Structures are given as C-alpha cells and as structure tokens.
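**Student:** structure, please.
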Amino acid sequence: MTLIERLRDKANSLPMQPGVYIMKDADGAVIYVGKSKKLKNRVTSYFVGSTHSYKTAKMVSLVKDFDYIVCKTEIEALTLENVLIKKHSPKYNIKLKDAKSYPYIKVTGEEFPKLFVTRERKSDRAKYFGPYQSSQSAHTALDTVMKIFTLATCKRSFPKDIGRERPCIYRDMGRCIAPCTGKVSSSEYRSLVKCAEWVLDGNIKETAQMLRGEMEEASQNLEFERAAAIRDSIFSLERLSEKQKVVADSKVNRDVFAIYTSETEGVLAMLSIRSGALVNKSEFILSAGELTSPEDVISLIADYYDGTGNIPREVMLDFSLSDEDTELLSEYLSLNTKYKVSVKIPERGDGRALCDMALENARESARQYKLEGEREDKNLKRLTELLGLSEVPRRIEAYDISNIGNENITASMVVWSGGKMKKSDYRTFTVKTTLGADDYGSMREVLGRRFSHIGDGSLSLGEQPDLILLDGGEAHVGVVRALMEERGIDIPLFGMVKDDYHKTRAITDGDRDISIAKEMGVYSFVYNIQEEAHRFALKNSQGAKIKTMTRSTLEKIKGIGPKKAKLLLSSMPLAKIRTSSKNELSKIQGISEADAENIYQYYHKGE
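**Tutor:** Just a heads-up that it's a prediction; the model follows:
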C-alpha cells in the first residue's frame, strides 16, 4: 500500500463530525492545521484527485501522517484551530503579512498600563488600536489621549518605581496624574486608561460632548483655568476628528473586509469605521492561491481579531460566504465580546459603497506590491551583473561581528529571501575559541560553524546561501575564502566596504572594489542589508554584556561562582533573586541552604 493510499484510508475512517486536523511531515513537524464541520469529507479531499492549488499540492506532497481532534461544535473547532496555529506556526497556514509595517497604539495589561506606539502586534494580554496610516498619525492620537487624561509618559514601571524619584515637571504642569507619588491607586489609573481606550476606539464626538459638560460646570464654578484646560482638550479632539474622513452615519461602528486576487498575489484590505469616521485602514499580502475555501477566509479574519479586544458590532464582507459560514464567523467573534457581532455581505447602500472602497484599496495595494517586487527584481538583477554572478541569488546571508572590549563577542547572521528580510532565519553566534577582539579570527570561526550545518536538514542553517556578504573589507573576505577553499565550498563571497562615515561605499571580492555609489537601487538594497546585520549584531552583543554584568554581580556573593550564578539566572531573573526568601532560594537545584543564606544576606544588609 502506498503512502497516499494509507493516508486516504485513514481519512475515510474519520467521523462526520466537527473537528481540527493536524498535518505532519516526515520529521513529525506540524506543517498545516485546519478545521472542518465534517472531518471525514474535508481530510479525504486532500488525498483524492489532483485539482489542488500549487501550495496545497506542495503541502500534501510533504504529509506523512496526520492527527485529528473531534469537537462538539464548529465554533469550538474554529477556536481550537486558532490556538493550534498560534502554538505551532505551521508553514502552510496563511499568515497575515502587512503590505507595509503599520504602527499601532499598544495598551499593556499591567497593573498601571503603559501606552506607546509599536509596529509589532503580538498575541499577548495587551490591547492594540490601529493600525494607523503613519507614525505621525499614531503619535498624534497617542499624545492627544495622554494629555487629555493626564497619563504617565515616562518609562517608569508602577507600582515598582513608586517613590523612587521625585515627580517630574509634567506633574507640576498638570500634564500627568503622577502615579509615582503613590497617591493614585491602580484602579483609578486604569479608569483613566479606559477613557483613553474609548477615544482610541473612535468615540471622539462622545468624549468631546462629555468634556463640554465638564467645561461648562467649571465655568459656572469660576474655575476658569480648569475650564480653559478642558477647552484645549476639546480642540485637540476636534483636530484629531477633522483628519478622519466621515463616510457613514455618525453612530456606525464597523470593519469592512475585501479581498483582491490576481495570478501572482492577493491582498486582504480592512477599513475600520468608528462613529461614522474612517479611522484606520490596512492591507495584508497573501500568496497567489492561498484562499481556496471559506474555511481559509474565516480563519484569516479570526486571526486578525485574535487578542485585539477591538471588535466592532458590525463586520462587512465584500465576498460571498454561505449563511452557515457567516453565522459561524459571527458566533466566533461574539465569543470575544459582550455583544453579538453582526456579519453582513451588503448589496447596496452605504455598506456596499464601503465594500467597494475596501476592494479598491486592496487592488491598489496589490498594484504597489507588484511594482515594488519588480523594482526589487531589477535591483537584484543589476547586483548580479555587477558581481558577475551566474544566477540571481534567491537567498543572501550577511554577517557582522560585534564586540564590546575583549568579551561578549558575538556575530549576527541575517537572511534576505523571497524579496524581504527573513527574520525567522536570523541567527546569533557567540565567538568561543577566538581570543580577544580579533575580527578576522572571529569571522573565520563563525563561518566555519555555519558551513558545518549546510545540508544537515536543520532549519535556516541547513539551507545553502546563494550569496554571502560580510561586513568588512578585503582582509575579511580573504580569511573566509581561505576557509571555503579548505572545505571545498563554492559560494559567491563579497565584503561590504564602508567609508569614513560608516556608510556603504563599495563591494569587494577580495581583489577589487566594485563601486555601487552611482547605482542607487543596488546601493539601497545592499545598504539596508548591511545596516540590518549591524543592528542585529549590536542588539545581541549588548544583551550578552548585560547577562555577563548580571552574572558578575552574583559572583560577588560568598560561595557563588560562575556555575552557580548561571544556575540562579536560569531559574529566575535577578530582580526575583533579590526579593526571594531563603527558602525559595534553597529550592533551586544546586543551591545549598548556606548559599541561600549568603544570597539573602547580601541583598538584605541593614534590614
């Protein structure tokens, strides 16, 4: 019996019930997670016929086995599918990739929440508002709510930092409620944060109306300074509102989704309407042929809302779903709110106009994405010509050495692949055998370790690059080329030479410099890779230095050497070690009662 026949037989034995199926490759790694109302029908469809899209066919060719979990309802299956996708990050599940990195306003889930602008949306306890069209618009919105609700803008963490420093000038200016004084409870502070969230969620007119009432009350009580401050807050809100185009009834809160697909790419566009105003829009790039079923669409939208806590009462779609699938999506979204979320597919009126607008945004984003890809291809082809390569590189690896003194020497490996920096393949190497700040020896050691993994099947390192770029000149290239000749490795190798201002000047093959100063497209491409390698190296070098400094602090304690310091830090952070009891410390494997006593006394002298 062939593998496909065995898989088909197993699929035919599945129940006709809702559930989740988990596809695995030869190594047992999860490569796809899906859900279905009828497990047997859905899973069997993968192993019969040959009408799959290219991506699905590729996934099926790698499947060596599958697991499944039966659920009571389809909504339960959708919820479980979302959890498993987050856990395993399967290669063949659709991932929302921003057409560009849009900024969000993040509100953390701490006792005294922090608000700040970020371009990374994580699955954590925080709330995210946005995405915003630009960093400026995000910062304007954030500054407005921070000022109106007198929230702390400093980097202190409360309640940990209460009383450690004097209040800053913002307290004296009336710009901060000053939680640092200890006179503001966490519940009082969180209530102000809730008000800020209400504004960020689009309730600008309602907030302005409420403030007008407070302003009138202050005027009647002859509190003219307070009334003037409230008036300024109202003006700030109105300016914020003026920047948002009104597209619907002022009471409407809805999100609108549209999908545009072509032979080469697809885009999911979303418009966010709050109080009748278009407050945000975003687009996500999809690979061609990724959306092959209603299940894919539902999973994609569920993924978009996962953990945001910002779901409107109404979601509109520019594409068709069955009544059953529409109700499923509505039920799933409603689980995460205190109200029923209505999912509609409008055919006329304002809703239809908004869907058309979303579709046009998706179409335009796809056009721009295609143009950017064409520009990137053009730059890559020109780079290939300048370097005299036989083929256009599809995977480029860049290396940079970072050291602070003679210790904490690290090297970064960053990867460009598929038209972008592939951060999942980034790696950090700690220089182990090279003594001191020896850039050439460090580069040789690191590349030697990297080459030993080529073809071993490991993620990232198992794949051979088409081009290697080093942050350095002729000497760096010469050292690594000698290593490659020793090992019989033939990969194009070049150095990225910087000028006196630490800007990319040229590329060298070890014998000659190839100027790229007048090749603006190529220059920008190489410069961005070099800067990313440097950024990543510096980040990890600083992290290593902090770890060493932390460990050396512990080594000042009687009886604690490098080994025990490492044991302690692998069990808990330094802040926790400082506040732990003797009993808690002695429970750490390898730490004796005498050690625990010494640690405790070290951090509690004079108490």
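
**Student:** so what does Ile94 have for phi and psi?
**Tutor:** For Ile94, the backbone dihedrals (degrees, to the nearest 10) come out as phi -70, psi 130.

**Student:** okay, and Leu568 sits in which element?
**Tutor:** Using DSSP states H and E, the element containing Leu568 is helix 562-571.

**Student:** by contact count, what packs against that helix?
**Tutor:** helix 520-554 (3 or more CB pairs under 8 Å, 6 or more residues apart in numbering; DSSP states H and E). Every C-beta, even on glycine, is put in place using the N, C-alpha and C of the backbone.

**Student:** and the average pLDDT for the helix it packs on is what?
**Tutor:** For helix 520-554, mean pLDDT rounds to 74.

**Student:** one more: stretch 69-86?
**Tutor:** Mean predicted lDDT for stretch 69-86 stands at 87.

**Student:** just stretch 335-353 next, same as before
**Tutor:** Mean predicted lDDT for stretch 335-353 stands at 87.

**Student:** chain center to it: distance?
**Tutor:** Distance, stretch centre to chain centre, for stretch 335-353: 28 Å (CA atoms, centre = their mean, to the nearest Å).

**Student:** which parts of that stretch are buried?
**Tutor:** Residues of stretch 335-353 classed as buried: Asn336, Val341, Val343, Pro346, Asp350, Gly351 (neighbour count, 16 or more other CB atoms under 10 Å).

**Student:** equivalent analysis for stretch 526-533, please.
**Tutor:** Buried residues in stretch 526-533, defined by neighbour count with 16+ other CB under 10 Å: Val526, Ile529, Gln530, Glu531, Glu532, Ala533.

**Student:** tell me where the stretch 351-500 of the chain has helices.
**Tutor:** Ranges of helices within the stretch 351-500 of the chain are 439-451, 474-487, based on DSSP state H, counting those that start in this stretch.

**Student:** what's the most buried one of those helices?
**Tutor:** helix 439-451 (a mean of 20; mean count of other CB atoms under 10 Å).

**Student:** which of the buried residues of stretch 335-353 fall in helices?
**Tutor:** Asp350, Gly351 (DSSP state H).

**Student:** what's the closest of the buried residues of stretch 335-353 to Ser262?
**Tutor:** Pro346 (24.1 Å; CB to CB).

**Student:** angles on the backbone of that closest one, please.
**Tutor:** phi -70, psi 150.

**Student:** quick one, strands of the stretch 251-400 of the chain?
**Tutor:** For the stretch 251-400 of the chain, strands defined by DSSP state E, counting those that start in this stretch occupy the ranges 254-261, 265-274, 277-287, 314-317, 342-344, 395-404.

**Student:** distance of the residue nearest in space to the middle of the chain from Ala126?
**Tutor:** Nearest to the geometric centre of the chain sits Glu120, at 4.1 Å (CA atoms, centre = their mean). For Glu120, the distance to Ala126 equals 11 Å [CB to CB, to the nearest Å].

**Student:** re the thing from before, now for the strands of the stretch 251-400 of the chain, which one comes closest to Leu447?
**Tutor:** Nearest of these (CB to CB): strand 395-404, 6.9 Å.

**Student:** list the neighbouring strands of that closest one plus their orientation.
**Tutor:** strand 407-417 (antiparallel), strand 467-471 (parallel) (DSSP bridges).

**Student:** can you list these in a markdown table and add distance to Thr428, mean pLDDT and mean neighbour count?
**Tutor:** Below are the strands paired with strand 395-404 laid out as a markdown table (distance: least, CB to CB, whole Å; pLDDT from 0 to 100; neighbours: other CB atoms under 10 Å):
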| stretch | distance to Thr428 | mean pLDDT | mean neighbour count |
| --- | --- | --- | --- |
| strand 407-417 | 6 | 85 | 23 |
| strand 467-471 | 14 | 94 | 24 |
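
**Student:** I'd like the ones you listed as JSON lines, with distance to Gly488 appended.
**Tutor:** Putting these into JSON lines (distance: least, CB to CB, whole Å) gives the following:
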{"stretch": "strand 407-417", "distance to Gly488": "21"}
{"stretch": "strand 467-471", "distance to Gly488": "16"}
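
**Student:** nearest to Gly559, out of those?
**Tutor:** Nearest of the strands paired with strand 395-404 (CB to CB): strand 407-417, 23.8 Å.

**Student:** how far does that closest one sit from the chain's center?
**Tutor:** The chain centroid and the centroid of strand 407-417 are separated by 20 Å under CA atoms, centre = their mean.

**Student:** for the nearest residue to Glu593 once chain neighbours are set aside, give me its contacts.
**Tutor:** Once flanking residues are discounted, Glu593 sits nearest to Ser586: 5.0 Å by CB to CB, 6 or more residues apart in numbering. By CB atoms under 8 Å, 6 or more residues apart in numbering, the residues touching Ser586 are Ser592, Glu593, Asp595, Ala596.

**Student:** how about a cut-off of 10 Å?
**Tutor:** Ser580, Ser592, Glu593, Ala594, Asp595, Ala596, Glu597, Ile599, Tyr600 (CB atoms under 10 Å, 6 or more residues apart in numbering).

**Student:** for it, grab phi and psi.
**Tutor:** Torsion angles, degrees, to the nearest 10, at Ser586: phi -70, psi -20.

**Student:** now the one 4 residues further on
**Tutor:** Here the main-chain torsion angles of Gly590 (degrees, to the nearest 10) amount to phi 100, psi -10.
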